[in-house]
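Peer 1: Sequence first, then the predicted structure:
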Amino acid sequence: RNLRFMHTLSYFMDKIDEIKDTNYNASHADMVRVRRRTTGIYYRRVMLNEEEWDIFDVGGHRNERRKWLHCFSNIKMVLFVVSL
């Protein structure tokens, strides 16, 4: 995988002993600090509060945007998440 975490390297270095343990499981805080560049469209259907949600993760680079069009039929919400 092409994971990127240079902007949070000190966070992970502070936890290096925990991370190298063979029983290590990433926490929610760990997962939100690691990024992976999205190319294409990733889809997942989840149940949340007894409602079915279709979640699409789409690439944000200009050449990826043309792939989004078919994701926008019958939508009720769009949530943009960006790295600052």
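Peer 2: That came through, no problem.

Peer 1: continuing past the worst-scoring helix or strand of the chain on mean pLDDT, what's the next helix or strand?
Peer 2: The helix or strand of the chain with the lowest confidence, counting by mean pLDDT, DSSP states H and E, is strand 3-4 at a mean of 53. Using DSSP states H and E, the helix or strand that follows strand 3-4 in sequence is helix 9-14.

Peer 1: What mean pLDDT does that following helix get?
Peer 2: Helix 9-14 carries an average pLDDT of 84.

Peer 1: Which positions in the helix or strand following that helix come out as buried?
Peer 2: Counting by DSSP H and E, the next helix or strand C-terminal to helix 9-14 is helix 16-19. Buried residues in helix 16-19, counted by 16 or more other CB atoms under 10 Å: none are found. For glycine as for every other residue, the C-beta is placed from the backbone atoms N, C-alpha and C.

Peer 1: Bridged to residue 41, which residues?
Peer 2: Beta bridges link residue 41 to residue 58, judged by DSSP bridges.

Peer 1: my guess is it meets residue 69, correct?
Peer 2: No. Contact status for residue 41 versus residue 69: not in contact, 10.6 Å apart, counting by CB atoms under 8 Å.

Peer 1: Looking at the two, which is more packed in?
Peer 2: Between residue 41 and residue 69, counted using other CB atoms under 10 Å, the more crowded position is residue 41 (14 against 8).

Peer 1: Now do the contacts for that one.
Peer 2: Listed by CB atoms under 8 Å, 6 or more residues apart in numbering, the contact partners of residue 41 are 56-59, 67-68, 71.

Peer 1: from these, which would you call buried?
Peer 2: residue 59.
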